[in-house]
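Undergrad: turn this into a structure:
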Amino acid sequence: MQKILEGIRSFQSNIVSQQEELYRELSKGQHPPVLLITCSDSRICPTTLTQSQLGELFVLRTAGNIVPAYGAAQGGGEAATVEYAVGVLKVQDVIVCGHSHCGAMKGLLSPETLEQYPSVKAYLSHAEATRRIIEDHYGEVTDPAERLRLAIEQNVLVQMHHLRTHPQVAAAMRTGNLRLHGWMYAIENGSITAFQEQDNRFVSLLDAYPSTELQVA
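TA: Residues are numbered from 1 along each chain as shown. Just a heads-up that it's a prediction; the model follows:
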């Protein structure tokens, strides 16, 4: 806790004081173009990962980057966040970003480990389709690390499907005002792959996006 308090003092004296105009401007409102949905894992920092500035990302973080299908979790914060981002802030892109070594997906594949954590187990029911896909289509894969990788990738796609059930998302996509993206972030080396629908697989960002849209130093 001491480190957190020292960090706040440093932020106020070294950051805010030197960017007073920026913070005054941000106090007038926000206009982020992107909603990034990722895991609550402490090893992920969305603004560091994307090198975004304040006001450029609207972020939703949940265990296993899960977004329940519309109506599946009445009054849930996920639905409210998605609705506000798309309906009010008019974000143009929504990214669902899974990550390697995801504890939520490990639990999903080994439900017996969750008996002492009923809330976690209940929440992971919103990723039940992911578990079924792995069991039904990748049963021959026995290597734990490979099964986990597949589960993480498939879960990104399942959560993207859930997003499409939300009215604001469906309406914005129908008019071409919103795009969905599925990413997978590797903690161990910082690499990111993106789901490419035409090939039905995850590929590097350079292959997933035209060079005119993505410039890499």
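Undergrad: so residue 98 belongs to a strand, correct?
TA: Yes: looking at residue 98 with DSSP: H, G, I helix; E, B strand; the rest coil, it is inside a strand.
Undergrad: measure it to residue 156 for me?
TA: 4 Å (CB to CB, to the nearest Å). The way it works is simple: take the backbone N, C-alpha and C, and place the C-beta from them, glycine included.
Undergrad: got it, and residue 87?
TA: Using CB to CB, one obtains 23 Å as the distance from residue 87 to residue 156.
Undergrad: these two: which is more packed in?
TA: Neighbour totals were compared for residue 87 and residue 156, and residue 156 leads with 27 against 15 (other CB atoms under 10 Å).
Undergrad: so for the helix ranked longest in the chain, what gets flagged as buried?
TA: Counting by DSSP state H, the longest helix found in the chain is helix 144-164. Using 16 or more other CB atoms under 10 Å as the burial criterion, the residues of helix 144-164 that qualify are 147-160, 162-163.
Undergrad: ok, now stretch 35-52?
TA: Neighbour-count burial for stretch 35-52 flags 35, 36, 37, 38, 39, 41, 44, 46, 49, 52 (criterion: 16+ other CB under 10 Å).
Undergrad: this structure: strands as residue ranges?
TA: For the chain, strands defined by DSSP state E occupy the ranges 34-39, 57-62, 93-99, 179-185, 192-196, 201-204.
Undergrad: any weak-confidence spans in this protein?
TA: Low-confidence segments of the chain, defined by pLDDT under 70: 211-217.
Undergrad: walk me through the domains of it.
TA: The chain breaks down into these structural domains: 1-27, 31-208 (assignment by automatic domain parsing).
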